[in-house]
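1. got a structure for you, letters missing:
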């Protein structure tokens with residue numbers, strides 16, 4: 001895939017543009033991967049870029065502050081779609097969310113290799129429950145942006161608010177959980 005790598009934003013993040021590099025009317029498709037993803041996140045990205053080029057559209061893959069291991073401190077894509085200023089949201093023609101969009105529900109499921117808490121770098125369900133209670137306590141006391149001592153997946157710094165969002169039923173932060181209402 002050929003394209004152009006460029007910097008954007010005050011933080012100097014990078015993005016990769018491919019497809020049609022001079023799109024008509026400035027139209028583009030922005031491809032955002034999921035949790036832990038960055039550039040070339042899915043096997044079909046090459047074909048998507050080619051299809052965009054065929055339609056005279058540019059495809060941009062931004063590296064976000066939440067990309068790779070930054071997800072522990074930021075949940076940006078759905079938050080943007082839900083809370084960006086209405087004038088900015090009106091410029092977006094659509095969004096496609098592929099794969100599970102509920103981090104907590106995905107995290108709650110066991111995998112063929114074992115329970116999810118084990119893949120998160122924890123030694124037991126009890127350790128997960130203790131960490132979740134600690135995170136919820138920090139959030140309740142207004143200190144949700146505090147980094148937890150335990151790293152997610154053993155390597156990712158994560159805030160109390162993000163850990164709670166990823167793991168607690170009925171948490172106020174997630175945008176796409178499908179928890180039934182409490183009765």
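-> Right, received. Where do you want to start? Keep in mind that this is a model prediction, so the values were computed, not measured.
2. What is the neighbour count of residue 59?
-> Residues contacting residue 59 under the criterion other Cβ atoms under 10 Å number 24. All C-beta spots, glycine's among them, are computed from the backbone N, C-alpha and C.
3. Give the full set of residues in contact with it.
-> Contact analysis of residue 59 by Cβ atoms under 8 Å, 6 or more residues apart in numbering lists 17, 18, 19, 28, 29, 30, 31, 48, 49, 52, 53.
4. Hmm, the first one is touching residue 3, no?
-> In other words, residue 17. Yes: Residue 17 is within contact range of residue 3, at 5.2 Å (criterion: Cβ atoms under 8 Å).
5. mind listing the strands for this structure?
-> Here the chain has its strands, by DSSP state E, at 4-8, 13-19, 28-30, 58-62.
6. most neighbours, which of the contacts of residue 59?
-> residue 49 (26 neighbours).
7. State the distance from that residue to residue 60.
-> Distance of residue 49 to residue 60, given as Cβ to Cβ, to the nearest Å: 10 Å.
8. and what of residue 151?
-> Residue 151 is 31 Å from residue 60, by Cβ to Cβ.
9. In terms of neighbours, single out the busier of these two.
-> residue 60 (22 against 15).
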